[in-house]
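> Prediction below, plus the sequence it came from.
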Amino acid sequence: MNRAVLGVPDITCTACVETIESLFKDDEFIKIRVNLVPEKEAIVFWGPEKTTLASIRERIEDSGFGTSVLSIFCKHVEWFHYKIFR
């Protein structure tokens with residue numbers, strides 16, 4: 001399973017968190033946890049054979065929240081870890 005941390009700067013309240021988390025609640029191949037405090041970020045786990053990070057970001061952005069990739073870890077390329085420092 002792959003993992004990424006997405007910056008979601010547009011979230012401002014728990015309703016925003018619930019909105020984003022509800023986008024994926026019925027998807028067995030995507031697990032997401034949105035943190036409002038201290039960082040406005042979403043931690044995402046997904047099965048690479050079933051979806052892509054781009055499609056996950058698109059679903060969040062289509063609901064009105066911008067995203068940026070803060071870090072990513074791909075299971076199928078275990079040595080790859082990419083971090084963008086703020």
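That came in fine, so what should we check first?
> alpha carbons only for contacts and neighbour counts from here, please
Fine.
> ranges for the strands of the protein?
2-7, 30-35, 41-46, 68-73, 81-83 (DSSP state E).
> who does the second one pair up with?
This means strand 30-35. strand 41-46 (antiparallel) (DSSP bridges).
> Mind listing residues that contact the partner strand?
1-9, 29-35, 52-53 (Cα atoms under 8 Å, 6 or more residues apart in numbering).
> Mark which of those are buried, thanks.
Neighbour counting by 16 or more other Cα atoms under 10 Å classes 2-8, 30-35, 53 among the contacts of strand 41-46 as buried.
> between the residues you listed, which is closest to Val69?
Leu6 (4.7 Å; Cα to Cα).
> I'd like to know how far the closest residue to that closest one other than its chain neighbours sits from Glu18.
The spatially closest residue to Leu6, leaving aside those adjacent along the chain, is Val69, at 4.7 Å (Cα to Cα, 6 or more residues apart in numbering). In this view, Val69 and Glu18 are 20 Å apart by Cα to Cα, to the nearest Å.
> Please apply the same query to Phe65.
Phe65 is 12 Å from Glu18, by Cα to Cα.
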